[in-house]
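**Student:** Kindly return the folded structure for what I paste below:
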Amino acid sequence: MNCREYMTTARASDSVPSFNLTSLPELLENAHKRLERVQLECAPYEEVMRRFDRPTTLFYLDPPYFGRKLYRHNFGEADFEKLAGQLKKTRGRFILSLNDVPEVRKLFENFQIQEVELHYTSQKEAGKRYKEVLITNFNPIPS
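**Tutor:** Below is the predicted model:
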């Protein structure tokens, strides 16, 4: 699997950039500061988690949607069960984003589940909102 398959974006040639080009140096400097200790990997999640799992690690996982055949490499129910088992053993923290369906809520019921509504800019129906869940093994919004 090639990482570039999942890292594509599109923008209409007649659209206006959402930032002022004169602020680009500041944006890059801020991004550099925020990401200087971040490490991005392109490998199977099992390998990445095995190599980097420690209490100080935060994993962000964004697997294919449950029950949807939208990708070149999809997950079946057994893949999600395996992922849930792996996450139960994780020493670090994780954030897992998935589509909000009953099967996902059941598989990951031992974790914290936060519902979010999003709109996807690449959808035909402008303004339509979609429900997803963020699943974590920690409270992302401390009280």
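**Student:** Could you check what's spatially nearest to the residue most central in space within the chain, not counting adjacent residues?
**Tutor:** Per CA atoms, centre = their mean, the C-alpha nearest to the average position across the chain is that of residue 62, at 3.4 Å. If you skip the residues right next to it in sequence, residue 62 has residue 97 as its closest partner in space, 5.2 Å away by CB to CB, 6 or more residues apart in numbering. All C-beta atoms are positioned from the backbone trio N, CA, C, and that covers glycine.
**Student:** Regarding the one you found, what is its secondary structure?
**Tutor:** Secondary structure assignment for residue 97 (DSSP: H, G, I helix; E, B strand; the rest coil): strand.
**Student:** Identify all residues paired with it through a beta bridge.
**Tutor:** Residues found in beta-bridge contact with residue 97 (criterion: DSSP bridges) are residue 134.
**Student:** And for it, the neighbour number?
**Tutor:** Using other CB atoms under 10 Å, residue 97 has 15 neighbouring residues.
**Student:** same check, this time on residue 130
**Tutor:** 12.
**Student:** Need phi/psi at the residue nearest to it when sequence neighbours are not counted.
**Tutor:** With CB to CB, 6+ apart as the measure, residue 118 is the residue that lies nearest to residue 130, at 5.4 Å, once sequence neighbours are left out. According to degrees, to the nearest 10, the main-chain angles of residue 118 amount to phi -130, psi 160.
**Student:** tell me the contacts of residue 118?
**Tutor:** Neighbour list for residue 118: 129-132 [criterion: CB atoms under 8 Å, 6 or more residues apart in numbering].
**Student:** Which single one of these is nearest to residue 108?
**Tutor:** Distance to residue 108 across the contacts of residue 118 (CB to CB) is lowest for residue 132, with 12.6 Å.
**Student:** and residue 117, which of the three is it?
**Tutor:** Secondary structure assignment for residue 117 (three-state DSSP): strand.
**Student:** List the contacts of it.
**Tutor:** Contacts for residue 117 were tallied using CB under 8 Å, 6+ apart; they are 129-132.
**Student:** Weed out the non-buried ones from those residues.
**Tutor:** Burial by neighbour count, judged by 16 or more other CB atoms under 10 Å, picks out residue 132 from the contacts of residue 117.
**Student:** what about residue 68, neighbour count?
**Tutor:** Once other CB under 10 Å is used to define contacts, residue 68 is seen to have 11 neighbours.
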